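**Student:** just to be clear, the model below is a prediction. Sequence and coordinates:
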Protein chains: 2
Amino acid sequence: MDKLVQELVARKIRPSIQRVKILEYLINNRIHPTADQIFQHMQKEIPTMSKATVYNTLNTFLSVGLVRLLTIGGSEARYDINMTTHGHFKCESCGTVHDFTIDLEDCELGGLDDFTVEKRDVHFRGYCPRCSSNPGRSSKC
Amino acid sequence: MDKLVQELVARKIRPSIQRVKILEYLINNRIHPTADQIFQHMQKEIPTMSKATVYNTLNTFLSVGLVRLLTIGGSEARYDINMTTHGHFKCESCGTVHDFTIDLEDCELGGLDDFTVEKRDVHFRGYCPRCSSNPGRSSKC
DNA sequence: TCCCATAATAGACTTGTTCTAAATATATAA
DNA sequence: TTATATATTTAGAACAAGTCTATTATGGGA
C-alpha cells in the first residue's frame, strides 16, 4: 500500500483513497480493463465512488504516463499499466486482450519522412489459443 | 459509375443509389473519413439520406471487405477503402490520418504461439510534416 | 482551528452509434 | 403486368461511453 502511495506522490498526484485503490486494481488485474470494469470492481471496495472519479483518475494517470490507453476495435477504451513496449492481441471470440512482444525497430517503414512519431501501437486481432481450439464458444476465456 | 455498380454487384450487394454514392465518395476522398464526414457530404448529393443509411452502408461494406475500420485514438471510427497492407499515422495536432508502408513480416514477434492472427493494425501518432514545422497551429492540414 | 485549493460526487449533458417501426423500392413468380 | 415477398431507406428513439457542472467533502498549511 505504501508503495502505491509513493508511486503517486512521486508523480505529484495526491494519494486519495480512490486513486490508491484504482492504482492497486490496475496493478493486480492486468486484464486491460475498461473504465466500467474498474468502476464495477470499485463499487465493492468504495460503494460511493462515482464513475466520474474513475474517469478523472484514469485521465490523471494517463497525463503522467502511469497508464496507457488502448483502443482496439470498437467502443471500448482500455487501460494498461504495463508501460513497456509491447503489442496487443484481442480475441474476437472472447474479447480478452493479450500482450505480445514486438520490436518495431526491425521493420521496414516507408512514407514517414519528416513525420515526428511519438507513439506506436500494434493491434492484432483473431482467436486466442483457447477459442481457436473451441470454435463456436464465445464466453469468457 | 458503372464500375462502382459492378464493384458492388460482384460482392452481391444491391447497388442502390445511396450505396453507389457512398462508395464513390470513399474512392474519391481518401481521407479516412468518419461516418459524419460522409453523412455531411452526402447531404449535398442526396439531401434525404439518413445517418442510419450511412452506417448501414458502411457496415455492409465492412462485412464484405470493401472497406476497413480504423479506430485510432478516441471516439472516432474512420473508414478506409484502401485494403492493401499499410499502417496509419494520425497527427495529434491537425487530426489528419496518413498512410505509410510497413512490412510486419520482418518483425520479431513473441508470445503469439497458438494464437490465430487474422488482422494486423499499426497505428502511429505524432506530428505530420506540416504541423511539425508549424508548432502551435492546430487547424486543418 | 480556519482557509484555501484540490478532489469526489451525482446527475445532466454530449456524441457516436444502433435499433425500431413504418414507408419505399426492387425483384420474382404467377 | 400485377401481386407478393424481400430488401432498403428513413426518422427518430434508444443506448452507451465519456465529459461537464455545480455542489459537497477532504486535507494540508497559515
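**Tutor:** Yes, it's here. Remember, predicted model here, so these are calculated numbers, not experimental data.

**Student:** which bits of chain A sit near chain B?
**Tutor:** A:71-74, A:77, A:87, A:89, A:92, A:98-104, A:106-129, A:132 (C-beta under 8 Å from any C-beta of the partner chain). Glycine gets a C-beta too; all of them are placed from N, C-alpha and C.

**Student:** which residue is the nearest non-sequential neighbour of residue A:66?
**Tutor:** The shortest distance from residue A:66 to any non-neighbouring residue, by C-beta to C-beta, 6 or more residues apart in numbering or on different chains, is to residue A:11 (6.4 Å).

**Student:** count the neighbours of the one you found for me.
**Tutor:** Here the number of neighbours of residue A:11 (other C-beta atoms under 10 Å in any protein chain shown) works out to 13.

**Student:** still on that earlier bit, quick check: PyMOL command selecting the buried ones in the residues of chain A next to chain B.
**Tutor:** The buried subset of these, as determined by 16 or more other C-beta atoms under 10 Å in any protein chain shown, is captured in PyMOL by this line:
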select buried, chain A and resi 71+72+73+77+87+89+98+99+100+102+104+107+109+112+115+116+120+121+122+123+124+125+126+127+128
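
**Student:** so the residue nearest to residue A:66 sits against residue A:63, correct?
**Tutor:** No. Residue A:11 lies out of contact with residue A:63 (C-beta atoms under 8 Å); the separation is 9.4 Å.

**Student:** any regions of chain A where pLDDT drops low?
**Tutor:** Within chain A, the stretches with pLDDT under 70 are A:1, A:135-141.

**Student:** and the contacts of the host helix or strand of residue A:56?
**Tutor:** For residue A:56, the host element (DSSP states H and E) is helix A:51-63. With C-beta atoms under 8 Å, 6 or more residues apart in numbering or on different chains as the test, helix A:51-63 has contacts from A:13, A:18-19, A:22-23, A:26, A:35, A:38-39, A:42, A:67-69, A:79.

**Student:** now swap in stretch A:116-132 and tell me
**Tutor:** Outside stretch A:116-132, the residues that touch it by C-beta under 8 Å, 6+ apart are A:70, A:72-73, A:87-94, A:96, A:98, A:100, A:102, A:104, A:137-138, A:141, B:89, B:92, B:112-127, B:132.

**Student:** one more pass at 6 Å, please.
**Tutor:** Here stretch A:116-132 makes contact (C-beta atoms under 6 Å, 6 or more residues apart in numbering or on different chains) with A:72, A:87-94, A:102, A:104, A:141, B:114-127, B:132.

**Student:** one more: stretch A:5-24?
**Tutor:** So stretch A:5-24 is contacted by A:4, A:45, A:49, A:53, A:57, A:64 (C-beta under 6 Å, 6+ apart).

**Student:** hmm, stretch A:3-15 in reach of DNA strand C?
**Tutor:** Yes. For stretch A:3-15, a contact with DNA strand C is found by C-beta under 7 Å from any atom of the strand, at A:13-14.

**Student:** pull the distance from that stretch to the chain's centre.
**Tutor:** Between the centre of stretch A:3-15 and the centre of its chain there are 19 Å (C-alpha atoms, centre = their mean, to the nearest Å).
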